[in-house]
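> let's see this in three dimensions:
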Amino acid sequence: MNAALAKLYQSIAPRLAAVEQEIAETLACPQPEIASLLEVSGRYGGKRMRPALVLLVASELGCVDARHERLAAVTELIHLATLVHDDVIDEADMRRNVSTVNAAHGNYEAVLLGDIIFARAIHLLAKLGDRRSLLVLTRAVSTLCEGEILQNRHRRDPDLSEATYYSVIGGKTAELYAAGAGLAAHVAGANEGVVEAFSLFGEKLGLAFQIIDDCLDVTGDEREVGKSLGTDLRNGKMTLPVILFRESGAAAERALVRKVFSDAVDPAAAGSLRELLVEKGFIRAAARVAAAHVEEGLEALRRAVGRPLPAMEAIGQYVLERSL
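Numbering: from 1, shown residues only. Here you go, the predicted structure:
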């Protein structure tokens, strides 16, 4: 975590502690077998970016209270549920430097555990007592799942368009960022123009986050990132660096992508593609696209709020710089 973001986290430390307590209480279970699974999944979130975003948006608007803590907990619980399910889909065996639930206990328990967390998140959301939050976040859960289905339908599709790629990551990643940031402004009493601007910023931040994740899957260190890497190419997931590489114009590039994304997985071809993505500058190119998304979101906020927003700038910078 960079110094600027660490300072921001310190400014909301008591609120984050309250969010952690809300998450722990929501995941509590009297059955020891289930409690142990829930306790492991509760640590999946790492930097707690989504709840921190909710609290920092409210802080920027000068109105953060216990409702924001609950909203932040709900967004993180939804995220945790998706991570449990993602690890099953990706056949990942490590997250936050520990064995995933599916690796340790099998897909059967992991799928049901993710469902439990989803259900408890919605139960907590109902306690918030805010109709807009209920509508937006339940829709977001649906959109997350739709994004995953769309991604699965295009698995091993070497011709996946950039537009469809954005539909996938807009659903599975950006939607929850947008919902959290926009609802934080709504609960803080902001006008509709400001709420929409924060929602747009959250969307753009989420897109950037996923694009950087795409890059880290190629270049990251598993010990630093804390999860299994190299899964995108192995599982036939098209990412922005690969799309940019494929569209670079040479027939050889397109042929290599087709070979990597064919049904018969070729580890040597995948290794060659990973090397070329770095050597030919496509990782850097994708990172520049991510930076443009963050700047677009920040500009929308500046226009709506009429002043600099250092907390949002620091979050954006962190997303772009993490472990690259």
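> need the per-residue pLDDT for the nearest residue to Ala174 once chain neighbours are set aside.
Closest residue to Ala174 in three dimensions, ignoring its sequence neighbours and counting by C-beta to C-beta, 6 or more residues apart in numbering: Gly206, at 3.1 Å. Glycine gets a C-beta too; all of them are placed from N, C-alpha and C. If you check Gly206, the pLDDT there is 98.
> next SSE after the helix-or-strand element of the chain with minimal mean pLDDT?
Ranking every helix and strand in the chain by mean pLDDT, DSSP states H and E puts helix 222-225 at the bottom, with a mean of 50. On the C-terminal side of helix 222-225, the nearest following helix or strand under DSSP states H and E is helix 231-234.
> in contact with the residue nearest to Ala174, which residues?
Going by C-beta atoms under 8 Å, 6 or more residues apart in numbering, Gly206 touches Ile169, Gly170, Thr173, Ala174, Glu175, Leu176, Tyr177, Ala178.
> identify each buried residue in stretch 233-251, please.
233-246 (16 or more other C-beta atoms under 10 Å).
> and Ala190, helix, strand or coil?
Following DSSP: H, G, I helix; E, B strand; the rest coil, the label given to Ala190 is coil.
> surely it and Glu60 touch.
No: shown here, Ala190 and Glu60 do not form a contact pair, counting by C-beta atoms under 8 Å, at 9.9 Å.
> closest one to Gln21 out of the contacts of Gly206, please.
Closest to Gln21 out of the contacts of Gly206 is Leu176 (21.4 Å), distances taken as C-beta to C-beta.
> tell me who's in contact with the closest residue to the closest one other than its chain neighbours.
With C-beta to C-beta, 6+ apart as the criterion, Leu176 has its nearest non-adjacent residue at 5.5 Å, and that residue is Ala140. The contact partners of Ala140, by C-beta under 8 Å, 6+ apart, come to Ile78, Glu175, Leu176, Ala178, Ala179.
> gap between the residue of the chain positioned farthest from its centre and Glu275?
Here the chain reaches farthest from its C-alpha mean at Ala251, the gap being 33.4 Å by C-alpha atoms, centre = their mean. If you measure Ala251 against Glu275 using C-beta to C-beta, to the nearest Å, the figure is 19 Å.
> still on that earlier bit, make a markdown table from the contacts of Gly206 and add secondary structure, distance to Ala300 and neighbour count to it.
Rendered in a markdown table, the data for the contacts of Gly206 read as follows (DSSP: H, G, I helix; E, B strand; the rest coil; distance: C-beta to C-beta, whole Å; neighbours: other C-beta atoms under 10 Å):
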| residue | secondary structure | distance to Ala300 | neighbour count |
| --- | --- | --- | --- |
| Ile169 | helix | 19 | 23 |
| Gly170 | helix | 16 | 18 |
| Thr173 | helix | 19 | 23 |
| Ala174 | helix | 14 | 23 |
| Glu175 | helix | 17 | 24 |
| Leu176 | helix | 18 | 25 |
| Tyr177 | helix | 14 | 29 |
| Ala178 | helix | 12 | 26 |
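> pLDDT weak spots in this protein?
Across the chain, the stretches falling below the confidence threshold (pLDDT under 70) are 1-2, 4, 45, 220-230, 323-324.
> what segments of it are strands?
Chain-ordered strands for the chain, with DSSP state E as the definition, fall at 94-95, 98-99.
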